[in-house]
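*Asks:* Turn this into a model:
(chains A and B)
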Protein chains: 2
Amino acid sequence: MLKKSDSIVLCISGPSGVGKGTVINSLLEKFPEFSLSISMTTRKPRGQEKDGVDYYFCEKEEFESLIAKKEIIEYDIYSNEYYGTPIGPIRESIKEKKDIILDITLAGSLQIKKLIPQAVMVFLLPPNLYELEKRLTERQTESKEAIKARMQHAKLEMVHASKFEYTLINNKINDTINCLEAIIVAEKCKYLRQEEFINEIIAQFQ
Amino acid sequence: MLKKSDSIVLCISGPSGVGKGTVINSLLEKFPEFSLSISMTTRKPRGQEKDGVDYYFCEKEEFESLIAKKEIIEYDIYSNEYYGTPIGPIRESIKEKKDIILDITLAGSLQIKKLIPQAVMVFLLPPNLYELEKRLTERQTESKEAIKARMQHAKLEMVHASKFEYTLINNKINDTINCLEAIIVAEKCKYLRQEEFINEIIAQFQ
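*Replies:* Here you go, the predicted structure:
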């Protein structure tokens, strides 16, 4: 039954350090039918990076033309290079009935919900303030100032949790994965994702 | 986390013979925290049916008096007998944050959704027309005419499946139960059911 369902566009959002990456990697292992939305950038490939795998690599003019056409959901600039989420591959996934996960910022999530109302919006929260700070510190990749900035940003982001249909407290990773698994199955049970073959059954009665 | 969530009012609807009773019994075994909303009827008990367990059995005058007092959330008439849902136990469950399942008619489900917008609406469908007829026949409780009437009624009900958020094809009982289990967990992950303690975490950041 579930195989016939329309695809899921699963947006995972939440403050930096909450564990989006770990959760998404576990999810992709459990659900190989899901693909991860690939970002687009104007920076040059590094080392073994491949176009269409690590990023979609493109020229600045192309990126700016996509922005102008509103084909980029959200973008940022680091070191004078664009990084963004192209909507094209997401539309493609929907057309092909393929499930897709997005690791996306708060602003990006809200933008996607506007463009794709059936997108599944999940906001991950830390169990508490101190745990988030601890996780950011344990990464050992950032300065104290950078961590402070991320905590400030978290403060701004957290108040928007209510805009997400699902809110998960990422305390134990296994609990979070189990909840996400349930959300995926439940979303596939929605009429809007089964319209076509539900209507086939209904038609037999008419 | 899930224990703190607000209660679920789970409405299970679908044509007669689709297997609502079997599904609900399995669900109650798996989720002992759920209670079953018991319907009220003026028809006579069948076989081992007990008052207050299978139905509240009552006389027509009593039922009509409850309708007048608006203590019956919905009622329908089949074969010249009333079937309805008393509102009292549902009100009580929400107040006590207890989960409740309703085995309810299509009209009743739609009525509940109006009164309790957060109610979870599930419509069970047979895999096909012939399977429903087969299940009704195998019950051996009804005349050919009664089965014909139920099939006619199913025809009218089926077209309203789209009004339900979740539609499940009740083919294999275990698949149906697994889907319902996922729906229950997912619904408990919704922000609207966790508002209170999600807001406690957010408040730490402010």
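*Asks:* what's the neighbour count on residue A:83?
*Replies:* Neighbour count of residue A:83, defined by other CB atoms under 10 Å in any protein chain shown: 18. Using the backbone N, CA and C atoms, a C-beta is placed for each residue, glycine as well.
*Asks:* Confirm that it sits in a strand.
*Replies:* Yes - counting by DSSP: H, G, I helix; E, B strand; the rest coil, residue A:83 is located in a strand.
*Asks:* Need the pLDDT of it.
*Replies:* The per-residue pLDDT reported for residue A:83 equals 93.
*Asks:* How about it, nearest residue that isn't a chain neighbour?
*Replies:* residue A:41 (4.8 Å; CB to CB, 6 or more residues apart in numbering or on different chains).
*Asks:* separation between the one you found and chain B?
*Replies:* 31 Å (CB to the nearest CB, to the nearest Å).
*Asks:* thought residue A:183 was touching residue A:167?
*Replies:* No - judged on CB atoms under 8 Å, residue A:183 makes no contact with residue A:167 at a distance of 11.1 Å.
*Asks:* phi, psi of the closest residue to residue A:127 other than its chain neighbours?
*Replies:* Nearest residue to residue A:127 in three dimensions, chain neighbours excluded: residue A:171, at 4.5 Å (CB to CB, 6+ apart). Backbone geometry at residue A:171, expressed as degrees, to the nearest 10, gives phi -90, psi -70.
*Asks:* Run a quick neighbour tally on residue A:171.
*Replies:* Close neighbours of residue A:171, defined as other CB under 10 Å, add up to 15.
*Asks:* One more: residue A:10?
*Replies:* For residue A:10, using other CB under 10 Å, the count is 24.
*Asks:* Let me know the distance separating the residue nearest the centre of chain A from residue A:25.
*Replies:* Central residue of chain A (CA atoms, centre = their mean): residue A:102, 2.1 Å from the mean position. Per CB to CB, to the nearest Å, residue A:102 is found 14 Å from residue A:25.
*Asks:* show me where chain A has helices.
*Replies:* Remark: helices assigned in chain A by DSSP state H are A:20-30, A:60-68, A:88-95, A:106-115, A:129-138, A:144-158, A:173-188, A:195-205.
*Asks:* Quick one: closest of those to residue B:76.
*Replies:* Nearest to residue B:76 among those is helix A:195-205; the distance by CB to CB comes to 18.8 Å.
*Asks:* among the helices of chain A, which is the most enclosed?
*Replies:* Most buried of those, by mean neighbour count (mean count of other CB atoms under 10 Å in any protein chain shown): helix A:173-188, with a mean of 20.
*Asks:* can you give me the end-to-end distance of stretch A:65-73?
*Replies:* Here the two ends of stretch A:65-73 are set 13 Å apart, with distance taken as CA to CA, to the nearest Å.
*Asks:* could you give the mean pLDDT of that stretch?
*Replies:* On average, the pLDDT along stretch A:65-73 is 94.
*Asks:* for chain A, what are the low-confidence residue spans?
*Replies:* Scanning chain A for pLDDT under 70 picks out A:1-4.
*Asks:* please redo it, this time with the cut-off set to 80
*Replies:* Regions of chain A meeting the criterion pLDDT under 80 cover residues A:1-5, A:141.
*Asks:* Name the residues contacting each of residue A:183 and residue A:167.
*Replies:* Common contacts of residue A:183 and residue A:167 (CB atoms under 8 Å, 6 or more residues apart in numbering or on different chains): A:122, B:189.
*Asks:* Contacts only, for the residue nearest to the centre of chain A.
*Replies:* A:9-12, A:36-37, A:85, A:90, A:108-109, A:112.
*Asks:* again, only this time at 7 Å
*Replies:* Listed by CB atoms under 7 Å, 6 or more residues apart in numbering or on different chains, the contact partners of residue A:102 are A:10-12, A:37, A:85, A:112.
*Asks:* Greatest separation within those residues: which pair is it?
*Replies:* Every pair of the contacts of residue A:102 checked by CB to CB; the farthest is A:10 and A:85, at 13.7 Å.
*Asks:* circling back: just send the helices of chain A back as JSON lines, with distance to residue B:126 too.
*Replies:* Below are the helices of chain A laid out as JSON lines (distance: least, CB to CB, whole Å):
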{"stretch": "helix A:20-30", "distance to residue B:126": "31"}
{"stretch": "helix A:60-68", "distance to residue B:126": "48"}
{"stretch": "helix A:88-95", "distance to residue B:126": "29"}
{"stretch": "helix A:106-115", "distance to residue B:126": "35"}
{"stretch": "helix A:129-138", "distance to residue B:126": "48"}
{"stretch": "helix A:144-158", "distance to residue B:126": "46"}
{"stretch": "helix A:173-188", "distance to residue B:126": "19"}
{"stretch": "helix A:195-205", "distance to residue B:126": "7"}
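*Asks:* Quick check: the residue nearest to residue A:83 touching residue A:78?
*Replies:* No - with contact defined as CB atoms under 7 Å, residue A:41 does not reach residue A:78; the gap is 9.0 Å.
*Asks:* Run through the bridge partners of residue A:35.
*Replies:* When bridges are called by DSSP bridges, residue A:35 pairs up with residue A:100.
*Asks:* Those residues of chain A touching chain B, which are they?
*Replies:* For chain A, the residues in contact with chain B (CB under 7 Å from any CB of the partner chain) are A:1, A:125, A:128-129, A:154-155, A:158-159, A:161-162, A:164-169, A:175, A:179, A:182-183, A:185-186, A:189-191, A:194, A:198, A:201-202, A:204-206.
*Asks:* partner residues bridging the residue nearest to residue A:83?
*Replies:* Beta-bridge pairing of residue A:41 under DSSP bridges involves residue A:57, residue A:83.
*Asks:* what's the burial count for it?
*Replies:* For residue A:41, using other CB under 10 Å, the count is 21.
*Asks:* Residue A:72 - nearest residue in space that isn't next to it in sequence?
*Replies:* The spatially closest residue to residue A:72, leaving aside those adjacent along the chain, is residue A:84, at 4.3 Å (CB to CB, 6+ apart).
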